[in-house]
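> Any chance you can model this:
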Amino acid sequence: MRHKKSFNHLGRTASHRKAMLSNMAISLIMHKRITTTLAKAKELKKFVEPLITKSKDDTTNSRRVVFSYLQSKEAVTELFKEVSVKVAERPGGYTRIIKLGNRLGDAAEMCFIELVDYNENMAKTATKKTRRRRSAKKADAPAAEVAAATEETTPTAE
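Alright, predicted model coming up:
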């Protein structure tokens with residue numbers, strides 16, 4: 001029975017799941033964005049975010065720990081040289097999942113999973129914040145009319 005087992009087994013054995021997540025993490029680190037199913041992306045997020053956090057501390061031990069998960073020298077080098085530098089001040093949430101719709105063949109939910117700091121388009125839209133308010137011309141026009149009317153009606157003390 002699977003009482004209180006919280007993670008998705010993805011219909012695979014433990015060794016197959018571990019190898020698949022490792023390969024997907026390598027692809028995500030090397031390409032910065034991959035397309036996959038929603039269930040795999042959610043599991044990949046739980047797999048790769050602790051590795052990115054571990055990469056912020058560039059020591060021999062942390063490199064060995066990350067290498068034990070990834071088994072790719074190129075991916076470990078990329079993670080420690082470029083990715084960790086870019087996410088150094090971010091306290092977490094290094095990945096973003098964007099839903100794409102259903103796959104034609106089997107109607108599986110598809111999505112992008114990407115590293116947050118590498119998408120310039122999303123960074124531009126995220127920083128732009130506007131507030132709804134009346135424009136200055138419309139707001140000042142009635143006030144200017146009232147001020148002009150009061151000046152004409154009040155006599156000056158000359």
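
> Kindly indicate whether Ile34 is helix, strand or coil.
Put simply, Ile34 is strand when judged by DSSP: H, G, I helix; E, B strand; the rest coil.

> For it, grab the count of nearby residues.
Using other Cβ atoms under 10 Å, the number of residues around Ile34 comes to 18. The C-beta positions use only the backbone N, C-alpha and C, and glycine is treated the same way.

> cool, and the one 5 residues further on?
Look at Ala39: counted by other Cβ under 10 Å, it has 14 neighbours.

> That one contacts Gly11, correct?
No: between Ala39 and Gly11 there is no contact under Cβ atoms under 8 Å: 9.3 Å.

> roughly how far apart are Asp58 and Ser22?
21 Å (Cβ to Cβ, to the nearest Å).

> Name the residue in those two with the higher neighbour count.
Neighbours were counted for Asp58 and for Ser22 using other Cβ under 10 Å; Ser22 has more, 19 against 12.

> Make sure I have this right: the more buried one is in a helix.
Yes: assignment of Ser22 by three-state DSSP places it within a helix.

> Specify the local secondary structure of Met122.
Met122 carries the three-state label helix when classified by three-state DSSP.

> Return the residues in contact with the nearest residue to it once chain neighbours are set aside.
With sequence-adjacent residues excluded and distances taken as Cβ to Cβ, 6 or more residues apart in numbering, Met122 is closest to Arg96, at 7.2 Å. Arg96 makes contact with Phe112, Ile113, Glu114, Leu115, Val116, Asn119, Met122 under the criterion Cβ atoms under 8 Å, 6 or more residues apart in numbering.

> so what's Arg96 bridging to?
As for beta bridges, Arg96 partners with Glu114 under DSSP bridges.

> Helix or strand with the lowest mean pLDDT in this structure?
When the helices and strands of the chain are compared on mean pLDDT, DSSP states H and E, helix 136-153 comes out lowest with a mean of 59.

> where's Arg90 relative to Lys46, distance?
Distance from Arg90 to Lys46, counting by Cβ to Cβ: 17 Å.

> scratch that, Met20
From Met20 over to Lys46 the distance is 13 Å, taken as Cβ to Cβ.

> who has more neighbours, the two?
Neighbours per residue (other Cβ under 10 Å) separate Met20 from Lys46, with Met20 holding more: 16 against 13.

> nearest residue to that one other than its sequence neighbours?
Counting by Cβ to Cβ, 6+ apart, Met20 lies nearest to Arg12, which is 6.7 Å off, once chain neighbours are set aside.
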